[in-house]
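Trainee: Predicted model and sequence follow; I will ask about them next.
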Amino acid sequence: MAKTLYAVFLLIASTIHDCDGNLYFASYYGDAMVLQKSPEKAVLWGHGPEGEQVTVFLLGPIKQKTSPATVTNGIWKVTLDPVEAGGPYNVTAVVQNSTATLTDVLFGDVWLCGGQSNMLFEVSQMFNASGELQDADKYPHVRTMMVALNRSDTELLDLIGVDLLWSMPTKQLSQFSAVCWLFGRYMYDILKYPVGLVESCWGGTPIEAWSSSRALQHCGLERTGSNHYENNSVMWNSMIHPLLNMTIKGAIWYQGEANTDYHRDKYNCSFPAMIDDWRMAFHLGSGKQTAIDFPFGFVQLSTNQKGSLDDGFPDIRWHQTADFGFAPNPRMKRTFMAVALDLPDAYSPYGTIHPRDKQDVARRLTLGARAVAYNEDVPFLGPFPSQIMSSKMYVNITYDQNVSVKTSKDIFEICCSEISAPCGPKSSWVSATIVHWGPTTVQLSASLCPSTKEVAALRYAWRDWPCDFKDCPIYSTDGVLPAPPFIINHKTAKRNIWKRC
């Protein structure tokens, strides 16, 4: 009997593709989409006639039939049993006298890509765009979808619109996020099973726009009046909240430029709080199918203005790590970070704030995802100090790994002080030249400190544009991973890493 029913609905799926106006899937479900594979369970939902019973049939390499779900307040929702990676499948929702079908559906890992203009930055704009577009047809199992740019002052159940429907790589790929696409393509090369990419980003937006009122309240950034309409939850409401029912593997994020001059000092709270809130919301929205601690990757800010002395970019880079300097860390567990301060683009036709090299950004994100999301034993963190020892003449840094070092007179800076108060960006800093290095150590000269003062703090690459392309002084021993920037005070150093000689 079951086989007969499946045959009937396979016939229906092949002859009736569009819904009849009474029953349909939510806006971001479509032909050629990717649903989250096992061990998680994919969630499907949509709209239908009130009180009707909706049954969903999965037809393909394996077959499933869900228990009926009652349409309540115009909404139905079902959860499939776990499905292994692969496909293609037809997914048919059925009520009496009405059907809706999705075709060519694959199961794999679904990644959400969010942020502002550097995530929005298109494949057509990056270096080697023509080559990337030419090779795209080699990746028919990497599927893309783009959320339309809309905002709302209330939380929405479904998207207002979809700019690019789910599809295999086509000419539409030229408009898709370069970082998102490259990340998905590189991950496919490793995983060898389908990857679904959902782009939801908007240029020039601060983190407050992508945060729920809960997250904002946690950081003392409660919603304000209409003059700040664009800054408070308006993209969360319209471009993230509608996606919560979807089961996802993880998210990647490229944002922060807009906060270099807006609530900058709150970013060390607002960014981790947004991550925590997204995790909770996606977990609950998917019926606990999306992991409560799903992996969250982000790009540390690249560069903007060469020669700038403004602390906006350095401050945000530091705050992106909740002031730890690296990720994951005790405040931001199961996160991973792609350092990008060594990838400037002085000649970008889209402005220096939009570097065209998205390949290195995506490769560094991929290393982090492989380690954090897929538990591979691969290096993904650049060198970070594990111990600092200072004297009147020198500062000796021991790193947590072998390092590749080039000389520099001014990438390191020290703050010299007679008092015990911590040094900050506005304190007086002097250059500390690299004078010697070993496999894991770097020695700096402290000779510019007056004899009456001691080295009270140390910082590295604390500039908007600290070095030319891939030319910072400190990298992993293979030269692949740049050391992230940091600012460390002797009195307040975490993990007691600073000692005096």
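Mentor: It's in.
Trainee: So what's the model's average confidence on the longest strand along the chain?
Mentor: Once the chain is assigned using DSSP state E, the strand that runs over the most residues is strand 98-115. Strand 98-115 shows an average pLDDT of 97 in the prediction.
Trainee: Paired strands for it, with orientation please.
Mentor: strand 34-36 (parallel), strand 86-95 (antiparallel), strand 195-201 (parallel), strand 250-254 (parallel) (DSSP bridges).
Trainee: Restrict the helix or strand following the last one to CA atoms and write it as CSV.
Mentor: Under the assignment DSSP states H and E, the closest C-terminal helix or strand after strand 250-254 is helix 267-285. Listed next in CSV are the C-alpha coordinates belonging to helix 267-285 (Å, rounded to 0.1, in the frame of the first residue of the first chain):
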residue,chain,number,x,y,z
TYR,A,267,31.2,45.8,20.1
ASN,A,268,33.0,43.5,22.5
CYS,A,269,29.6,42.8,24.0
SER,A,270,27.2,43.2,21.0
PHE,A,271,29.0,40.8,18.7
PRO,A,272,29.3,37.9,21.1
ALA,A,273,25.7,38.6,22.3
MET,A,274,24.4,38.4,18.7
ILE,A,275,26.2,35.1,18.1
ASP,A,276,24.7,33.7,21.4
ASP,A,277,21.2,35.0,20.4
TRP,A,278,21.3,33.6,16.9
ARG,A,279,22.4,30.2,18.2
MET,A,280,19.5,30.1,20.7
ALA,A,281,17.0,31.4,18.2
PHE,A,282,17.9,29.0,15.4
HIS,A,283,18.0,26.1,17.8
LEU,A,284,14.5,26.7,19.1
GLY,A,285,13.1,27.8,15.7
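Trainee: For helix 267-285, buried residues please.
Mentor: The neighbour-count check on helix 267-285 (16 or more other Cβ atoms under 10 Å) flags 267-283, 285 as buried. C-beta coordinates here come from the backbone N, C-alpha and C atoms, glycine included.
Trainee: Mind giving me the packing neighbours of the helix or strand just after that helix?
Mentor: Per DSSP H and E, the first helix or strand lying C-terminal to helix 267-285 is strand 296-299. In terms of contacts (3 or more Cβ pairs under 8 Å, 6 or more residues apart in numbering; DSSP states H and E), strand 296-299 is packed against strand 250-254, helix 267-285, strand 335-338, helix 359-372.
Trainee: out of those, which comes closest to Asn231?
Mentor: Distance to Asn231, taken as Cβ to Cβ, is lowest for helix 267-285 among these, at 11.2 Å.
Trainee: Measure how far the closest one is from the centre of its chain, please.
Mentor: On the basis of Cα atoms, centre = their mean, to the nearest Å, helix 267-285 is displaced by 12 Å from the centre of the chain it belongs to.
Trainee: Please apply the same query to stretch 133-142.
Mentor: Stretch 133-142 has its average C-alpha position 22 Å from the chain's average C-alpha position, going by Cα atoms, centre = their mean.
Trainee: Please apply the same query to stretch 287-306.
Mentor: Between the mean C-alpha position of stretch 287-306 and that of its chain there is a distance of 3 Å (Cα atoms, centre = their mean).
Trainee: Quick one: end-to-end distance for stretch 222-232.
Mentor: Across its full length, stretch 222-232 reaches 8 Å end to end, with Cα to Cα, to the nearest Å as the criterion.
Trainee: how deep is Pro88 tucked in, by neighbour count?
Mentor: Counted with other Cβ atoms under 10 Å, the neighbours of Pro88 add up to 16.
Trainee: An error on my part: the question was meant for Glu122.
Mentor: For Glu122, the neighbour count with other Cβ under 10 Å is 16.
Trainee: just to revisit the earlier point, can I get the strands paired with strand 98-115 in TSV with mean pLDDT and distance to Ala346?
Mentor: Rendered in TSV, the data for these read as follows (pLDDT from 0 to 100; distance: least, Cβ to Cβ, whole Å):
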stretch	mean pLDDT	distance to Ala346
strand 34-36	98	38
strand 86-95	97	45
strand 195-201	98	25
strand 250-254	98	20
